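In: the sequence and its predicted three-dimensional model are supplied below.
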Amino acid sequence: MQDFVWLIPLMPLISAIFLMVFSSKLPPTTVGFFGTGSVGMSALLTCNLTWGYLKDPDLFTVSLWTWMKVGELSANVGFHIDGLTIVMMMIITCVGFLIHLFSCEFMEHDKSYARYFAYLNMFVSAMLILVMSDNLLLLYLGWEGVGVCSYLLVGFWYQHSSNGRAARKAFIVTRIGDTAMMLGLLILFTELGTLDIQSLVSSAQVRWQTGDFMPTLACLLLLAGAAGKSAQFPLHTWLPDAMAGPTPVSALIHAATMVTAGVYLIARMHSLFIISPHAMMVIAVMGVGTALMAAFSALVQTDIKRILAYSTISQIGYMFLALGVGAWTAAVFHLMTHAFFKALLFLGSGAIIHCLHHEHDIFKMGGLWKRMPITFASFLIGSSALAALPFTSGFFSKDLILLSAYQLEEFGPILWAGGLLGALVTALYSFRLVFVVFFGRIQTLPNKENGWRIGLPLTILCVLSLVGGYFTLPLSNLFPMETNSHPATWVEVVSIATPLFGLLVAYILFIKIPSRIPKSLTSPQENTISRFLFSGWKLDEFYDRLLVSPYVRSTSILLDEPLDKLYNTIVLVNQKLHKWLSFSQSGRMRWYMVSVAIGFIILLGIAIAIPRGLSEW
Amino acid sequence: MQDLVVPLNHVLFVSTLLFTIGMLGLMIRRNIIFILMSLEVMLNASALAFIAAGAHWGQPDGQVIFLLILSVAAAEVAVGLGLVLQIQKRFNSLDMDDANRMRG
């Protein structure tokens, strides 16, 4: 099996190239077959790999060829397979396969069906390279690859200029993080002389003491890259706008896989981050802050996909909290369960949007539970897992994160309290979503039934969201041992009870007394606070004022500088002369002949006149 | 050579006259065949001047140049008639002003 590992990212890549080359000539069924089938093959190969790994867990590295060798830098194209890689690969290929299957039906009537699948396959391939790579340079290649695919897919319906703007925003904001990450890589390379992850980490542990300046700087730069990709404060503003893309894309890229790349990066480099407690503290605080901010924003959104986008930001905040407190396993565990239930929620919202004439506003839905039972079930299960109700998958992972946070010395309880508040708001907004969309009066009637290609992925993801919490991840020998002592019982009880309380509040607000729902939760433009939250804490406006408009203004000043005027004059003179000369080029033989004769006579006159004049002078 | 029957001046005058006729033909005519004929007239006018000058000074150079002009004229006619055929085929006319695609 080890010899065929390279086939896993290659399959979707081949399919992507094939679809790009022959895009216009293929019938839709063939496109769907290749697009979905290639990811399915990767999924099967990954399952086989996982099976072998679970039976005989030893990590191995496959070096394919030397990518580049410049001076001391030599980068292999090589894959490193261990427990973390296996978990990520399973998520990417299996969830990716289900989303591809869903897309077959969701995008059926789109004109650019083949282009869609080509991008999607290319994304899966780049993401697999990202998680499988054994050195940071190849990882960076995958990192940029997923960024490009995200750009292409957010702007997939490029006919609307707002979608193009969203795509550019997503790309540019993540580029800021990527540039910081590149600087981090350069620091690591100049300090340690290698980019191979395993040797880099081991030489970092030898070379640096805990709390040194250099590792902290490198970690913070890597963290900036991770924050850009994973949509963490202050670089999270692109994710809600990225919902302009097709819904399955949001499920695959902006919920299950790409946005968790930052979490993966930090988990992969955990031995480096342990050296720098300050960076760890920054990660934890950033995680809690983002989780709270985004949760409150999600509470007042009215667009179904924006609610889910803010909730994704918030949940990744929890993963960062777990990373920051050193609960690596909990972070990866939550990454996995989040991939299940958030993909489920996004696909469910896709199913609703598909049936309701592309309606996004939740207050124009309602009473859908009888009409769309499978979608209702998936939303119910997905929201329960998102809110971490007991015995769903989200419960186990989030509980683990909160308890690990509580056990951190000094600031632990504060982080725990912040996370708990976030959990309360999470329960509130996720059940607000369920109650508003599926109960109450019917506002818009669904106009068609969803077929099996939408139903089957939803059903499988429902099962995974329910039982995902019982999986044991093969991570035990990868991460340092975490403290397993249980905190006081009341802490656990409060952690479990909080989401239930949130559910109760949501029930009372939206089902029991729907006439007295606070206005701020239904029409966010009504009062100042909800308007503030609705706009994502006004960060977009802030960045516009701080960065975008000064830039635009300075470019407009530079547009007509005096030096340009000089060059423009030269151009103008040339254009005038050109006009005159081209006027003489009339294309008439006789005209030329007359000009020749006149010229000849003039020359003759000169030839006669000048010698005479000379002799007189 | 003193025993030239016709004085040099007369020959040069005829030559100039021929040249002017050819040139006027080029300036006035639009039909492409007439333009070619005018060119021939101009070439031959200059050839005549060469012959007369060669005979006047008793030098062979004049006749050498005449042979050169003759061959140039032959080549010119060959190319020119080919062009005439092409222009006739493409523009369906022999008017030179119809083929003014390269203007401006």
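Out: It's in. Numbering: from 1, shown residues only, chains lettered A, B, ... in the order given.

In: drop to CA atoms for contacts and neighbour counts, all remaining ones
Out: Fine.

In: host element of residue 87?
Out: All of this refers to chain A. According to DSSP states H and E, residue A:87 maps onto helix A:83-90.

In: the intended chain is chain B.
Out: Using DSSP H and E, residue B:87 maps to helix B:61-91.

In: likewise residue A:593?
Out: Per DSSP H and E: helix A:589-616 holds residue A:593.

In: gap between the helix holding residue B:87 and the chain center?
Out: Relative to its parent chain, helix B:61-91 has a centroid offset of 9 Å by CA atoms, centre = their mean, to the nearest Å.

In: for that helix, buried residues please.
Out: Neighbour counts using 16 or more other CA atoms under 10 Å in any protein chain shown place B:62-63, B:65-66, B:69-70, B:73, B:77, B:80, B:84, B:87 of helix B:61-91 among the buried residues.

In: same question, stretch A:394-410
Out: Applying a neighbour-count criterion of 16+ other CA under 10 Å, the buried positions in stretch A:394-410 are A:394-408.

In: who touches the closest residue to residue A:90 other than its chain neighbours in this structure?
Out: Spatially, and ignoring its direct neighbours in sequence, residue A:90 is nearest to residue A:46 (6.4 Å; CA to CA, 6 or more residues apart in numbering or on different chains). Contact partners of residue A:46, counting by CA atoms under 8 Å, 6 or more residues apart in numbering or on different chains, are A:8, A:86, A:89-90, A:93.

In: what's the answer for residue A:75, then?
Out: Residues in contact with residue A:75 (CA under 8 Å, 6+ apart) are A:66-69, A:135, A:137-138, A:195-196.

In: and the residue nearest to residue A:90, that one's in a strand?
Out: No: assigned with DSSP: H, G, I helix; E, B strand; the rest coil, residue A:46 falls outside any strand and is helix.

In: so it versus residue A:5, what's the distance?
Out: 8 Å (CA to CA, to the nearest Å).

In: likewise for residue A:423?
Out: From residue A:423 across to residue A:5, the span is 39 Å (CA to CA).

In: please say which of these two ends up with more neighbours.
Out: residue A:423 (30 against 19; other CA atoms under 10 Å in any protein chain shown).

In: that one sits in which helix or strand?
Out: Here residue A:423 sits within helix A:412-438, counting by DSSP H and E.

In: then residue A:272?
Out: Residue A:272 is located in helix A:270-274, with elements delineated by DSSP H and E.

In: and the helix holding residue A:423, which residues are buried?
Out: A:412-413, A:415-438.

In: that older thread, for the helix holding residue A:272, output the C-alpha coordinates as PDB.
Out: C-alpha atoms of helix A:270-274 as PDB (Å, rounded to 0.1, in the frame of the first residue of the first chain):
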ATOM      1  CA  HIS A 270       3.000  21.400  17.700                       C
ATOM      2  CA  SER A 271       6.500  20.500  19.000                       C
ATOM      3  CA  LEU A 272       7.600  24.000  17.700                       C
ATOM      4  CA  PHE A 273       4.700  25.700  19.300                       C
ATOM      5  CA  ILE A 274       5.300  24.100  22.700                       C
END
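
In: average pLDDT for it?
Out: When pLDDT is averaged along helix A:270-274, the result is 88.

In: what do you get for stretch A:130-138?
Out: Stretch A:130-138 carries an average pLDDT of 90.

In: do stretch A:363-374 as well
Out: Rounded mean pLDDT across stretch A:363-374 is 79.

In: repeat that for stretch A:81-100.
Out: 90.

In: need the contact partners of it.
Out: Residues contacting stretch A:81-100 (CA under 8 Å, 6+ apart): A:35-36, A:39-40, A:42-43, A:46-47, A:50, A:58-61, A:124, A:127-128, A:131-132, A:248, A:251-252, A:256-257, A:268, A:332, A:336, A:339-340, A:343, A:347, A:457, A:473-475, A:478.

In: swap in stretch A:376-388?
Out: Taking CA under 8 Å, 6+ apart as the rule, stretch A:376-388 contacts A:338, A:341-342, A:344-345, A:348, A:368-369, A:392-396, A:398-399, A:423-424, A:426-427, A:430-431, A:434, A:438, A:458-459, A:462, A:465-466, A:499.
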